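> Provide a 3D model corresponding to the input given below.
(2 chains)
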Amino acid sequence: MQNVSQITRTPLTEYLLRLGDSVLVLGQRHAELCGKAPALEEEMALMNVGLDLFGQARNWLTYAAEQINAEQAGSELDADALAFKRDAQDFRNLLLVEQPNGDFADTMARQFLFDAWHVPLLEGLAQASDPRIAEVAAKSLKEATYHLRRSSEWVVRLGDGTEESRARMQRAIDNLWRFTGELVQFDEVDQAMADAGLAPDAGTLVARWKATVEKVLEAATLSHPPFDAWMYTGGKTGHHTEHLGFLLAEMQYLPRTYPDATVW
Amino acid sequence: MYAQLVETGTKKLKTLEEMGPQERAFQEKVNDEIKIEPKNWMPEAYRKTLIRQISQHAHSEVVGMLPEGNWLTRAPSLKRKLQLMAKIQDEAGHGLYLYSAMETLGADRDEEIQKLHDGKAKYSSIFNYPTLNWADIGTIGWLVDGAAIVNQVPLQRTSYGPYSRAMIRVCKEESFHQRQGYQILLTLMREGTEEQKAMVQDSINRFWWPALMMFGPSDDNSPNSAQSMAWKIKRHSNDELRQRFIDQTVPQLELLGCTAPDPDLKWNEETGHYDFGEIDWQEFFDVVQGNGPCNRERIDARRRAIDEGAWVREAAVAHAEKQRQRRQAA
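Numbers count the residues shown, from 1 in each chain, chains lettered A, B, ... in the order given. As a prediction, this is how the structure comes out:
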């Protein structure tokens, strides 16, 4: 069997893995929420968002697998192999999305901080010169736009709700803030993609993310730590928090336990 | 299904002659297959029985998400994960839809859910069985949704309009889930390893009898059936539906290449039906009364979700109120 850790990585495959892994891991966090929502309507909404994220993950990872197969002789990967057979250090998701669900404020704060970045990112990707990227991004953008609207509403509702909900939401924002540096910090892969006309440049993305965060947190009567506060980074290069290993152990349990199984 | 034991609160069936004019007009409408709508007059016992039946059904959808949710994080491929998540989402939707149908009868969703959490309301006992391997997700789709469909197809013609319409929509989605579940099992049996095939047989062994119990007690032990049939909120007897389910399921079982854990299961040329062994009714009543493998876990999980979400719902109400006051002040 092909060792999925030994794949060569070009900036494009690296970038596709970042896109796919972030939505996959965030989708998995939604799967954990099944049966735990504070109301039945929210149960539906959470499953709905989770479905969108897994669908996006499948699209990005399928493209990543095709790219890797094209670049590497003998490679026969597919999206499932990438999702279920890679180790934590080979995952390229943002640290933010692997953070545990916590309470509903933690869940919604994580979602909002991600969505506020995801929407302008997808807007940029929808303009990519690579038609496949543009197509997946355009479809994902419709979903992410709804996700952002919903998570913004919850941040405002909880921030400007009761004393308790406000305290919880403030704590969630403060806790998760250190993982937002990665969203706006461009490394050589991001830059190579932007230079190739495949991804948005740093300036636009960062400005849009900050503007959305400030606007929504203000409406929620909440504050945030400074943008230049110390940031915990590394997800994009495979240096994760302790949480990812457990998430993957659960998610990958069946394909890893039955390596001879070729279908499910 | 989802309403295997519904108390009607009536001792005996009244004849048309014994009824007052309102009740008689109501019963004649039911007899003529004219739907009863929320604003129509209806006997109090009919209303109460329907609230019990529809709320049981709604609770079953919501509790039924839990045994499947148990495998959602471990679904073995992206396709299966998407399918399972979509199925669970449909079930939440069915729950909402059914609670709404129930509310047309003057019941309150929160009150009925409270009864569930207090252990006073029933739900389908099948969901008190654990899901122990991945094939259980296929088996639940095939056998449990399959049994639910056999129960619910006749309810599309039930006498209460909103319930009937809810059933039409629910049945469509359940049929889709059933095919998907069977497809999981068929894939494992036809293309799977020996270990995967063993999962399927193990799963069928555990779910076979509980699935047959979903149709409720046998007819001679089903005291509420006659009234429910007269009201047309039940259209066939428990045993009749159970037989229908077995007759349609056994060929599918054979196609899988699996067996049922019932040595007495065999085709009867004379009756044109499958004969089957005696159900363990003690187990059935034990589970209904709260003594199944997962009764406590299921109720605890539902209670925890709603209790731990109380602050969220309070915040939403508080925020809406602030918004209202701001609009008034502006």
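
> list the contacts of residue 88.
Using chain A. Residues counted as contacts of residue A:88 (CB atoms under 8 Å, 6 or more residues apart in numbering or on different chains) are A:238, A:240, A:244-245, A:248. Backbone N, C-alpha and C define where each C-beta goes, glycine included.

> oops, chain B please
Going by CB under 8 Å, 6+ apart, the list of residues near residue B:88 reads A:34, A:47, B:65, B:68-69, B:72.

> quick check, residue B:293 in a strand?
No. Assessed by DSSP: H, G, I helix; E, B strand; the rest coil, residue B:293 does not belong to a strand; its assignment is coil.

> secondary structure class for the residue in chain A that chain B sits nearest to?
When scored by CB to the nearest CB, chain A has residue A:38 as its residue closest to chain B, at 2.2 Å. When classified by three-state DSSP, residue A:38 comes out as coil.

> tell me which helix or strand in chain B has the weakest average pLDDT.
helix B:225-230 (a mean of 88; mean pLDDT, DSSP states H and E).

> need the residues that contact whatever helix or strand comes next after that one.
Next helix or strand after helix B:225-230 toward the C-terminus (DSSP states H and E): helix B:238-256. Contacts to helix B:238-256, defined as CB under 8 Å, 6+ apart, come from residues B:4, B:142-143, B:146-147, B:150-151, B:154, B:182, B:185-186, B:189, B:200, B:204, B:211-212, B:215-219, B:222, B:225, B:236, B:259-260, B:265, B:267, B:273-274, B:276.

> below-threshold pLDDT in the stretch 51-200 of chain A: ranges please.
Within the stretch 51-200 of chain A, no range satisfies pLDDT under 70.

> can you show me the helices along it?
All helices of the stretch 51-200 of chain A, identified by DSSP state H, counting those that start in this stretch, fall at A:79-85, A:95-98, A:104-125, A:131-159, A:163-176, A:181-184, A:188-195.

> need the contact list for the residue in chain B that chain A sits nearest to.
Minimum separation of chain B from chain A (CB to the nearest CB) falls at residue B:309, amounting to 2.2 Å. By CB under 8 Å, 6+ apart, the residues touching residue B:309 are A:37-39, A:42, A:104.

> run a quick neighbour tally on residue B:308.
13 (other CB atoms under 10 Å in any protein chain shown).

> right, and it touches residue A:38 too?
Yes. Assessed by CB atoms under 8 Å, residue B:308 is found in contact with residue A:38 at 7.2 Å.

> for the stretch 151-300 of chain B, which residues are neighbours of chain A?
The stretch 151-300 of chain B comes close to chain A at residues B:184, B:187-188, B:191-193, B:195-196, as judged by CB under 8 Å from any CB of the partner chain.

> could you rerun that using 10 Å?
Within the stretch 151-300 of chain B, the residues that sit near chain A (CB under 10 Å from any CB of the partner chain) are B:184, B:187-188, B:190-196, B:199, B:298.

> please name the residues that touch the closest residue to residue A:173 other than its chain neighbours.
Excluding the flanking residues, the one nearest residue A:173 by CB to CB, 6 or more residues apart in numbering or on different chains is residue A:109, at 5.2 Å. Residue A:109 sits next to A:96, A:99, A:102-103, A:151, A:154-155, A:158-159, A:168-177, A:217, A:220, A:222 when contact means CB atoms under 10 Å, 6 or more residues apart in numbering or on different chains.

> would you mind measuring from residue A:109 to residue A:174?
9 Å (CB to CB, to the nearest Å).

> list residues touching both of the two?
Common contacts of residue A:109 and residue A:174 (CB under 10 Å, 6+ apart): residue A:222.

> list the buried residues in the helix or strand encompassing residue B:93.
Counting by DSSP H and E, the element that carries residue B:93 is helix B:78-103. Neighbour counts over helix B:78-103 (16 or more other CB atoms under 10 Å in any protein chain shown) mark B:78, B:80-99, B:101-103 as buried.

> and that helix, how far out from the chain middle?
Mean-position distance between helix B:78-103 and its chain equals 13 Å (CA atoms, centre = their mean, to the nearest Å).

> what's the following helix or strand after it?
helix B:109-117.

> now check that following helix, is it near chain A?
Yes. Using CB under 10 Å from any CB, helix B:109-117 comes into contact with chain A via B:109, B:113.

> and that helix with helix B:78-103, angle?
Here helix B:109-117 runs at an angle of 110 degrees relative to helix B:78-103 (axes from the mean of the first three to the mean of the last three CA atoms, to 10 degrees).

> wait, a strand at residue B:136?
No. Secondary structure of residue B:136 (three-state DSSP): helix, not part of a strand.

> what's the helix or strand where residue B:181 lies packed up against?
According to DSSP H and E, residue B:181 maps onto helix B:161-191. Contact here means 3 or more CB pairs under 10 Å, 6 or more residues apart in numbering or on different chains; DSSP states H and E; on that basis helix B:161-191 packs against helix B:44-63, helix B:78-103, helix B:135-139, helix B:145-155, helix B:194-213, helix B:238-256.

> I'd like these written out as TSV, with mean pLDDT added.
As requested, the helices and strands packed on helix B:161-191 are exported to TSV (pLDDT from 0 to 100):
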stretch	mean pLDDT
helix B:44-63	96
helix B:78-103	97
helix B:135-139	98
helix B:145-155	95
helix B:194-213	98
helix B:238-256	97
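
> would you mind saying which of those helices lies nearest residue A:192?
For the helices and strands packed on helix B:161-191, proximity to residue A:192 was assessed by CB to CB; helix B:78-103 is nearest, at 27.5 Å.

> quick check: which element contains residue B:274?
Counting by DSSP H and E, residue B:274 is part of strand B:273-275.

> what is the subsequent helix or strand relative to that strand?
Taking DSSP H and E, what comes next after strand B:273-275 is helix B:281-288.
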